[in-house]
Every structure is written in structure tokens, then in C-alpha cells.
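**Student:** For reference, the sequence and a predicted model appear below.
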Amino acid sequence: MRQSLYLILFLTAVALQAYWGRVFGWEADFILAALITLAFFARASEIIFISALAVFWLSWNPSLAREIILIALFPLLWAFLGKQIPVHRALIHFFAVIASIALFYVLVNAGELSAIAVGTLLKDIAVSSVCAVAMYQLLRPAHASDGKGRMTLFTALLHDGQRNRI
């Protein structure tokens, strides 16, 4: 059931990314924010699968562009680093989204950063971070317990037939 929640959040990010630019006139990196968020909750195989979906969705070309490689590697990097850094995971997640989007812009548009691009980058970071924090808050109860080995209500609803454990 967790995998379907991951897929729903990913498809929501795809829809937001597809229509955000048409409505507001500038692009936001919802897919990258969703992948970074999922990296803090999903297993490595799930991260690889959803990253492959993102790569396929963003580029039908069989050639590997720099952007596609970064989109595939950032979630794996944060899945590893998120477990190694001894700070609260929500704080690491927030800074991971900001750092990933900023690093993505710098590595992809290295020679073309202007005042307009920096303004767009700041808007992108703000909107994508809000989306990522909302996804994190949605996923966090699904993976939490109350410390006594019991499942939370949200977690119990996600697991088939385990409502009697509450």
C-alpha cells in the first residue's frame, strides 16, 4: 500500500509540474522535490523505480543528458545522506530540497545565471519546498509509530486488515 501512496504523490508532482508553467508562466521542480521527499521514506528499489519513471517522463530520448543524470542521482544521494547526518530528518529533508534545486540550477545553467534566473530560482525553491514539506507531512505519519510498537491511525489505514492493532 505504501508503494501506491508513493506513486500517487509522484503523479501529483508530475501533474503540478506539467501545468504550473502554463498557469503561472515559470517552471517549478515539483518532480525533483517529490523524488527527494520519497528518498527519505522509500526503500532503495522503490527510489530507483520512481526515479526511472521520472527520467522516462521527463525525457523520451535514449541519450543521457546532464539534467536526467542529476534527477536520477539526487534521490539516491539523499536517501544515503539522510540516514548518515545526525540531525532531525525533517530539517535534513527541508535543506535537501533547497540544496538539490539550487545545485540542479547551478549545474545545468552554469554560465547563464542572471538576476532573472536567480529570481526564478528563488520562486522555484519556495514553491517546490512548500510542496515537498506538504508531501513529507503526509508521508511522516504513514511511517511512524507511537513509540510503544503500535501503529498510528494513518499507518493502520494504509495496511490492509490491520486496523485492530490500534
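**Tutor:** That came through fine.
**Student:** On the three-state scheme, residue 26 is what?
**Tutor:** Per DSSP: H, G, I helix; E, B strand; the rest coil, the local secondary structure of residue 26 is coil.
**Student:** So it sits against residue 122, correct?
**Tutor:** No: when contacts are counted by C-beta atoms under 8 Å, residue 26 is not listed as touching residue 122 (10.9 Å). Every C-beta, even on glycine, is put in place using the N, C-alpha and C of the backbone.
**Student:** Enumerate every residue touching the spatially most central residue of the chain.
**Tutor:** The residue at the geometric middle of the chain, judged as the C-alpha nearest the mean C-alpha position with C-alpha atoms, centre = their mean, is residue 34 (2.2 Å). Under the criterion of C-beta atoms under 8 Å, 6 or more residues apart in numbering, the neighbours of residue 34 are 9, 10, 12, 13, 131, 132, 135.
**Student:** Select from these the one having the most neighbours.
**Tutor:** Of all the contacts of residue 34, the most densely surrounded is residue 132 (28 neighbours; neighbours counted as other C-beta atoms under 10 Å).
**Student:** returning to what we had before: state the pLDDT value of the residue nearest to the centre of the chain.
**Tutor:** At residue 34 the predicted local confidence, pLDDT, stands at 95.
**Student:** before we move on, which element is it in?
**Tutor:** Element membership of residue 34, judged by DSSP states H and E, is helix 30-39.
**Student:** Quick one: distance of that helix to the chain centre.
**Tutor:** Centroid displacement of helix 30-39 relative to its chain, using C-alpha atoms, centre = their mean, to the nearest Å, is 1 Å.
**Student:** Out of the helices and strands in this structure, which is least certain?
**Tutor:** helix 153-158 (a mean of 46; mean pLDDT, DSSP states H and E).
**Student:** what's the angle from the top helix by length along the chain to helix 30-39?
**Tutor:** For the chain, the longest helix by residue count, based on DSSP state H, is helix 115-139. Taking axes from the mean of the first three to the mean of the last three C-alpha atoms, to 10 degrees, helix 115-139 and helix 30-39 form an angle of 40 degrees between their directions.
**Student:** What lies in contact with helix 115-139?
**Tutor:** Judged by C-beta under 8 Å, 6+ apart, the contacts made with helix 115-139 from elsewhere in the structure are 5, 9, 13, 16, 20, 26-30, 32-34, 36-38, 40-41, 90, 93-94, 97-98, 101-102, 105, 109, 113.
**Student:** ok, residue 108 - how many residues close by?
**Tutor:** 12.
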